[in-house]
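A.B. asks: Give me a model of this one.
(chains A and B, ligands or ions: 2)
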Amino acid sequence: MAGRVIVITSGKGGVGKTTTSANIGTALAKAGYKVVLIDTDLGLRNLDLLLGLENRIVYTIVDVIEERCKLRQALVKDKKNPNLSLLAAAQTRDKSAVNAEQLKEICDTLKEENDFVLIDCPAGIEQGFQNAVAGATEAIVVTTPEMSAIRDADRIIGLLEAKEEIKSYKLLLNRVRPSLIKSNDMMSVDDVVEILSCPLIGIIPEDTGIITSTNKGEPIVNDEDALAGKAYRNVAQRILGEEVPFLDLDEPKGFMAKIKNAFAKLKAKV
Amino acid sequence: MEKVLAENGFIIDLSDAKNTTQLVFELSSIMEHPEVKGKNVRLKLGNLDLKQSQLLSIKALIESMDATLAFIDTKSEQTEASAVSLGIIVSEVTDEPAIVCSSDADIKEESVMVKTEPHSESEPEEGKTVEVHAEELTGPIETAHDVEDVYDEETTKELSEIIPSEHFEADFESLAANEGLIKPEETSKYILLDTGDVLPVDAEENSINTETLPTLYINQTLRSGQTVSYDGNILIIGDAHPGSEIVAGGDITVWGILGGIAHAGSQGNVTSKVRALKLNAIQLRIAGLYARRNDTLNVPYVQKTNEFTPEEAQIEDGKIVIYKKLRRD
Ligand SMILES: Nc1ncnc2c1ncn2[C@@H]1O[C@H](COP(=O)(O)OP(=O)(O)O)[C@@H](O)[C@H]1O
Ligand SMILES: [Mg+2]
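C.D. replies: Ligands and ions are numbered 1, 2, ... in the order given. Model (predicted):
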């Protein structure tokens, strides 16, 4: 078996790379695929928190590289889904503790036994980014509908295009607020796609549920009712090659509209 | 002076404390008592010699509970000098019965004994006088219970009510003899991780007395990503935030909140202990044993200092157990 190695990157910090990694990883594992998540944000690791796994981490990627343990020992199994495991970043070390070659080797080993290896990339375009991208053949570029994030995403896409190993890259637009788009206070999805001229793999709405899910260590894809959860499940399906229409993120206004919306969703499921 | 005290006074009698460690732990459990909040504390310190820095820490501890250290009774010249230098009023110790003052500004001669056990039957009623004696705080604060998975304050409370009250009267000396009474509640708070061989290859299991090891003092907050490692004991005066790591050849003591990873006996010393005013470590490691914090344990984002409950972790029968009470043996 040779699994797919996908890096989740953005250039800018705080746009949702870690949230996206945790959610897509969980969704793919729930769909029955074997998934390993790698946190490459050394010194600023978060992925373990989002998954609620911090208390289980004994060894990190640096321990693997410095041969204090076997790769297998460092993989922390998810609490709920045995298909999902995490290779944590070291919190007490910095990016210079690993290099691109070592990361590529780890990815190559992991993809032998897994369907997906997802890499949560640190912000920036320096060593951390170079390390994270080294083992990947696909990329998801996360951005928000803000000029600064888009500018950074553009820079990242340029760097990815220059990498031979990266065969495909897709755009994930996060924290979209339809009401703001309507009032012309936020760039529309089309605008962003147009600016970046990059195929879209998902649109994730701004959702306060993400904050609570982060604090609980429980990815929002596990929440059947959350819109952002649904959006992430759709991303996972698109990664698997299915054609799923993009969600209508329009927030229903009144009570009747909500009911109508619920019916529409039911129909869509059938 | 009694007039001043009568305003909002609270007497804490720690004159039986044998050393500063005992004093601090005694004091911090008394300070948990909601009754202390906002009070002018009169501290009875007996013969204990306290340096200015030590007294300053004690003052800070009291102030962190929104109380004021107003008076000190001491027989020690050193403590007196320290108090004077800090601007705390010192009064001579008299053998008269203590005049205990309550919030309703009444001076009463009688006093109601209050224990710091959460299940204390004699909860102070509004307006009643309160006096706390150190010797009564030596009983187990939390008692054994059989809850396997959930660290549940409520259950602890209920079960402990069943335990006869004389068990709480045990004084410090007889504690060791009564050891059986102080049961750990380890199963609920920390769960052993099965990680196999986690010690460095050159480490060998040993039982060196940690009291003989040198101690590294660190007077600062450890933040996420920071590591301290030392061959001897480590004493942190401050908090160790989640994401930090403390690795000691001997004991680890955190005078504050321990939120990160703590590894005591990192070279295989199985007698090493981890203790903290608030033991929230995401992982506890002692010698070759690693334990993770129970997922069901709800640690608040912000820990209130009045919820401090000093705890101590050590190895027993191949497990890491937590005591709500520091033991002398
Ligand atoms: N769709 C969303 N709705 C609301 N908050 C979000 C959303 N996506 C991310 N966030 C929040 O944004 C912050 C940064 O997200 P994170 O995934 O850590 O970004 P990165 O890994 O790119 O630095 C987090 O506090 C997260 O909860
Ligand atoms: Mg991140």
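A.B. asks: what's the neighbour count on the residue nearest to B:T215 when sequence neighbours are not counted?
C.D. replies: Take B:T215 and drop its neighbours on the chain: the residue closest to it by Cβ to Cβ, 6 or more residues apart in numbering or on different chains is B:N233, 4.2 Å away. The C-beta positions use only the backbone N, C-alpha and C, and glycine is treated the same way. Using other Cβ atoms under 10 Å in any protein chain shown, B:N233 is surrounded by 22 other residues.
A.B. asks: residues in contact with the residue in the stretch 51-200 of chain B that ligand 2 sits nearest to?
C.D. replies: Evaluated by Cβ to the ion, the stretch 51-200 of chain B has B:L193 as its residue closest to ligand 2, separated by 25.3 Å. Counting by Cβ atoms under 8 Å, 6 or more residues apart in numbering or on different chains, B:L193 touches A:56, A:58, B:283, B:290-292.
A.B. asks: With pLDDT and secondary structure added, can I get those residues in a markdown table?
C.D. replies: Shown next, in a markdown table, are those (pLDDT from 0 to 100; DSSP: H, G, I helix; E, B strand; the rest coil):
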| residue | pLDDT | secondary structure |
| --- | --- | --- |
| A:R56 | 95 | helix |
| A:V58 | 93 | coil |
| B:Q283 | 95 | strand |
| B:Y290 | 92 | strand |
| B:A291 | 93 | strand |
| B:R292 | 93 | strand |
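A.B. asks: So for the closest residue to chain A within the stretch 101-250 of chain B, what's the pLDDT?
C.D. replies: In the stretch 101-250 of chain B, the residue found nearest to chain A is B:T227; the distance is 4.5 Å by Cβ to the nearest Cβ. Note on B:T227: pLDDT of 94.
A.B. asks: Can you list the low-confidence ranges for chain A?
C.D. replies: Flagging of chain A using pLDDT under 70 yields the residue ranges A:250-270.
A.B. asks: Show me which residues of the stretch 101-250 of chain A sit near ligand 1.
C.D. replies: Listed as neighbours of ligand 1 in the stretch 101-250 of chain A under the rule Cβ under 6 Å from any ligand atom: A:123, A:174-175, A:204, A:206-207, A:210-211, A:214, A:228.
A.B. asks: Among these, the buried ones, what's the ChimeraX command?
C.D. replies: Buried members of those can be picked out in ChimeraX with the line below, counting by 16 or more other Cβ atoms under 10 Å in any protein chain shown:
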select /A:123,174,175,204,206,207,210,214,228
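A.B. asks: Considering only the contacts of B:L193, which also neighbour ligand 2?
C.D. replies: When Cβ under 5 Å from the ion is applied, no member of these is adjacent to ligand 2.
A.B. asks: Switch those residues over to TSV; also include neighbour count.
C.D. replies: Output for those, formatted as TSV (neighbours: other Cβ atoms under 10 Å in any protein chain shown):
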residue	neighbour count
A:R56	23
A:V58	19
B:Q283	20
B:Y290	22
B:A291	22
B:R292	22
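A.B. asks: Show the overlap between the residues you listed and what lies near ligand 1.
C.D. replies: Among the contacts of B:L193, no residue sits close to ligand 1 (Cβ under 6 Å from any ligand atom).
A.B. asks: re earlier: show me the beta-bridge partners of the residue of the stretch 101-250 of chain B closest to chain A.
C.D. replies: With DSSP bridges as the criterion, B:T227 is bridged to B:E245.
A.B. asks: contacting residues for it?
C.D. replies: With contacts defined as Cβ under 8 Å, 6+ apart, the neighbours of B:T227 are A:92, B:244-247.
A.B. asks: Pick out whichever of those residues sits closest to A:A162.
C.D. replies: A:T92 (32.9 Å; Cβ to Cβ).
A.B. asks: and the gap between the residue of the stretch 51-200 of chain B closest to ligand 2 and A:E113?
C.D. replies: In this structure, B:L193 and A:E113 are 23 Å apart, going by Cβ to Cβ, to the nearest Å.
A.B. asks: Show me the strands in the stretch 101-250 of chain A, by range?
C.D. replies: For the stretch 101-250 of chain A, applying DSSP state E, counting those that start in this stretch gives strands covering A:116-120, A:138-143, A:168-176, A:200-205.
A.B. asks: Distance to A:G3 added to these, as CSV?
C.D. replies: What follows is the strands of the stretch 101-250 of chain A, written out as CSV (distance: least, Cβ to Cβ, whole Å):
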stretch, distance to A:G3
strand A:116-120, 5
strand A:138-143, 11
strand A:168-176, 15
strand A:200-205, 18
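A.B. asks: How about B:G260, nearest residue that isn't a chain neighbour?
C.D. replies: Here the nearest residue to B:G260 in space, its sequence neighbours aside, is B:S244; by Cβ to Cβ, 6+ apart that works out to 3.7 Å.
A.B. asks: B:D66 is in contact with B:G38, isn't it?
C.D. replies: Yes: checked against Cβ atoms under 8 Å, the pair B:D66 and B:G38 is within contact range at 5.7 Å.
A.B. asks: Show me where the stretch 101-250 of chain A has its helices.
C.D. replies: In order along the chain, the stretch 101-250 of chain A carries the following helices (DSSP state H, counting those that start in this stretch): A:127-134, A:147-161, A:178-182, A:189-196, A:209-216, A:227-239.
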